[in-house]
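>>> no FASTA, just this:
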Ligand SMILES: Nc1ncnc2c1ncn2[C@@H]1O[C@H](COP(=O)(O)OP(=O)(O)O)[C@@H](O)[C@H]1O
Ligand SMILES: [Mg+2]
């Protein structure tokens, strides 16, 4: 059964339609990540679920109850804000107690819940401090603690890692994933960072311009992007896109010809290709194999340590990036031969949709 | 680690010199007033020089205190100043919060009206105010002394700006923590606005304490005089030649509460003057 259910939700600010007729079901206990570029409406959607923004039209249900008509505090939701939004004049303990006091929790129980959360988040020694006396990472933990003590049906996170440095961010990612396993509540996490989405999500909801592009597990999204937008947004380096100059059928599958004349035998059924349509071939760096094949010239080399990205130009000038484990003995301007692994390549139609069988 | 040394450049010394000079210019008259207040009036009739030389006397202060109404006037001033301060804070905070955080039809028009009111000098509305309070027969009451300045546009503006600067996320977090709108205001917004409240409160109190014109117009019965009006009424004439020591003692006396207030709230007053109370 769907824990969180969005039904035809729309929202406009003035003339701008920010969320467009969006429907989504998230099963209980999932770690769902709303992923999309800045300005695509992720925060707006999250704030509508929390009740901080009224829905334009449509309905939101949580745990079987319609919540979009309820006051924010009555929805059983806790939110961790991007800038943490701790109460600056209260100590860490008071920050966590505030919500519990408001619902009349007995003091002894408040103490116990705070102690439990403090232990889980390792913030026990910070309880008497004010937010200004905490580091960014500590504030983050307190904000999570303030959410945990309420034992909400669903946790909402709005880009909570974006203010942390890289090391702390990757550590917090792991801790959030661990937290999710422990509290087993539904979590909804908003980010524009595909690494956060890939690493933490049990389900990724890719958004673009107020619409859902695709919903799926991280590997589904990575391996079978439904649209060119998703394909380009997920994965680093971004997927290679090459214009297709012609398609022929071989053994029922489409063979795409590229501008430099080389051919890629895909596993897309030829029947899915509409005659005369302008197609784009998409292939990730790891599926471009150096050794033999089409001639290319090395343009830029990026050494990441565990692997190296090589940006090269095919004979017609189109750019392709591929990667090799470890270091490479190459220099800029050198010639390489590249083969595209057709089994892992995607074809996108003029409407941006991936072609499948 | 090397010890941190304050800059002692020539520029700093010149600045210090200028500040000291300015301070002397400011303080000299005050010292003179205090000195004169301890001199017998008949000596001052002959010469107002030599304030550091005897004879000294406390008679001027005894005379003030002996005049039966001084303490009543002081009480009036306190009631008016405190009443005005408290009510101004309440009204400016509520109005400011309304402007900063709620959306109602006509909000912007109303806010522009508040801003426009900033440009109206207080003296300009004295006559209509007088007529108004006369019409409802409220002159010579505390209400008349307190009410006219309660809807203080600067206060509303100050609080509006201050509330706007508080991140909305903090209030939203409180809403999600099941706090009612009123509780959010009372437990979150008000405590966070204490610096602005202090600024506005001190400013309003000092203004009310020193206010002369409106009480002079409105309070015509000696029992309703504020300290400023009452002390002025004890002067015999404007080109004062006799009783200068007494007059100076009055000035010191009237200034004492403000001085005490200053000693208590020094820190807030400095930041109020320096930066509108923002952290
Ligand atoms: N209160 C608002 N008033 C007007 N426009 C808004 C408001 N909030 C957000 N928007 C607009 O809605 C769009 C989506 O914003 P947002 O949900 O914050 O995006 P995201 O979180 O994905 O970056 C943006 O174009 C933004 O400018
Ligand atoms: Mg956002």
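Yes, it's here. Given the structure is predicted, the values throughout are model-derived calculations rather than measurements. Ligands and ions are numbered 1, 2, ... in the order given.
>>> next structured bit after the strand or helix carrying residue A:141?
Assigned by DSSP states H and E, residue A:141 belongs to helix A:136-148. Next along the chain after helix A:136-148, taking DSSP H and E as the criterion, comes strand A:154-158.
>>> hmm, that following strand in reach of chain B?
No: Strand A:154-158 is not in contact with chain B by CB under 8 Å from any CB of the partner chain; minimum separation 8.9 Å. Quick note: C-beta positions are derived from backbone N, CA and C, even for glycine.
>>> now do that strand: which elements does it pack against?
helix A:42-50, strand A:77-80, strand A:186-191 (3 or more CB pairs under 8 Å, 6 or more residues apart in numbering or on different chains; DSSP states H and E).
>>> which residues sit against it?
With CB atoms under 8 Å, 6 or more residues apart in numbering or on different chains as the test, strand A:154-158 has contacts from A:3-4, A:42-43, A:46, A:49-50, A:62, A:76-82, A:147, A:176, A:183, A:185-190.
>>> show me where pLDDT drops low in the chain?
All of this refers to chain A. A:1-2, A:357 (pLDDT under 70).
>>> correction: the question concerned chain B.
B:1-8, B:68, B:236-242, B:271-279.
>>> okay, now residue 252: neighbour count?
Went with chain A since none was named. Counted with other CB atoms under 10 Å in any protein chain shown, residues neighbouring residue A:252 total 10.
>>> that's the wrong chain, I meant chain B
By other CB under 10 Å, 18 other residues sit near residue B:252.
>>> repeat that for residue A:189.
So residue A:189, with other CB under 10 Å, has 26 neighbours.
>>> let's have the helices and strands packed on strand A:154-158 in a markdown table, adding distance to residue B:112.
Output for these, formatted as a markdown table (distance: least, CB to CB, whole Å):
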| stretch | distance to residue B:112 |
| --- | --- |
| helix A:42-50 | 30 |
| strand A:77-80 | 35 |
| strand A:186-191 | 37 |
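>>> quick one: closest of these to chain B.
strand A:77-80 (5.5 Å; CB to the nearest CB).
>>> any residue of that closest one touching chain B?
Yes: counting by CB under 8 Å from any CB, chain B is contacted by strand A:77-80 at A:77-79.
>>> just among the residues you listed, which is most surrounded?
Neighbour-wise, the residues of strand A:77-80 next to chain B (other CB under 10 Å) top out at residue A:79, 29 neighbours.
>>> beta partners of the closest residue to that residue other than its chain neighbours?
Excluding the flanking residues, the one nearest residue A:79 by CB to CB, 6 or more residues apart in numbering or on different chains is residue A:156, at 4.3 Å. Beta-bridge partners for residue A:156, by DSSP bridges, are residue A:79, residue A:188.
>>> coming back round to it: just give me the closest of the residues of strand A:77-80 next to chain B to ligand 1.
Of all those, ligand 1 sits closest to residue A:79, with 13.4 Å by CB to the nearest ligand atom.
>>> from residue B:122, how far off is that closest one?
Applying CB to CB, to the nearest Å, the value for residue A:79 to residue B:122 is 47 Å.
>>> same deal with residue A:214?
In terms of CB to CB, residue A:214 sits 65 Å off from residue B:122.
>>> who's more crowded, those two?
When neighbours are counted by other CB under 10 Å, residue A:214 and residue B:122 differ, and residue A:214 comes out ahead with 22 against 13.
>>> does the more buried one touch residue A:225 like I think?
Yes: between residue A:214 and residue A:225 there is a contact at 6.7 Å, judged by CB atoms under 8 Å.
>>> run a quick neighbour tally on residue B:100.
Neighbours of residue B:100 (other CB under 10 Å): 18.
>>> which residues touch it?
With CB under 8 Å, 6+ apart, residue B:100 has these contacts: B:159-161, B:163-164.
>>> again, 7 Å this time
Taking CB atoms under 7 Å, 6 or more residues apart in numbering or on different chains, we find residue B:100 in contact with B:160, B:163-164.
>>> how close does it get to residue B:184?
According to CB to CB, residue B:100 and residue B:184 sit 13 Å apart.
>>> likewise residue A:327?
As judged by CB to CB, residue A:327 and residue B:184 stand 58 Å apart.
>>> residues near the residue nearest to residue A:79, how many?
Residues near residue A:156, counting by other CB under 10 Å, number 26.
>>> same deal with residue B:29?
Residues near residue B:29, counting by other CB under 10 Å: 9.
>>> so which strand or helix has the residue in the stretch 1-150 of chain B that ligand 1 sits nearest to?
For the stretch 1-150 of chain B and ligand 1, the shortest gap (CB to the nearest ligand atom) falls at residue B:103, measuring 10.6 Å. Here residue B:103 sits in a region with no helix or strand, counting by DSSP H and E.
>>> can you pull the contacts of it?
If you count contacts by CB under 7 Å, 6+ apart, residue B:103 has none.
>>> can you check residue A:6 too?
So residue A:6 contacts A:22-24, A:58, A:60 (CB under 7 Å, 6+ apart).
>>> quick check: it is in a strand.
Yes: under DSSP: H, G, I helix; E, B strand; the rest coil, residue A:6 sits within a strand.
>>> that one pairs with what?
residue A:24, residue A:60.
>>> could you find the closest non-adjacent residue to the residue in chain B positioned nearest to ligand 1?
At 9.9 Å from ligand 1, residue B:168 is the closest residue in chain B, using CB to the nearest ligand atom. Using CB to CB, 6+ apart and skipping the chain neighbours, the partner closest in space to residue B:168 is residue B:101 (7.5 Å).
>>> shouldn't the one you found be in contact with residue B:163?
Yes: under the criterion of CB atoms under 7 Å, residue B:101 makes contact with residue B:163 at 6.4 Å.
>>> those two - which one has more neighbours?
Higher neighbour count among residue B:101 and residue B:163: residue B:163, with 23 against 17, using other CB under 10 Å.
>>> got the contact list for the more buried one?
So residue B:163 contacts B:96-97, B:100-101, B:189, B:193 (CB under 7 Å, 6+ apart).
>>> for it, which three-state class applies?
Residue B:163 - assigned by three-state DSSP - is helix.
>>> how about it: what's its closest non-neighbour residue?
In space, residue B:163 is closest to residue B:100, 3.6 Å off (CB to CB, 6+ apart).
>>> residue A:128 now?
Looking at residue A:128 with CB to CB, 6+ apart, the closest residue is residue A:91, at 5.6 Å.
>>> save the contacts of residue B:163 as a markdown table, and put in secondary structure and distance to residue A:35 too.
Formatted as a markdown table, the contacts of residue B:163 follow (DSSP: H, G, I helix; E, B strand; the rest coil; distance: CB to CB, whole Å):
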| residue | secondary structure | distance to residue A:35 |
| --- | --- | --- |
| B:96 | helix | 39 |
| B:97 | helix | 37 |
| B:100 | helix | 34 |
| B:101 | helix | 32 |
| B:189 | helix | 34 |
| B:193 | coil | 38 |
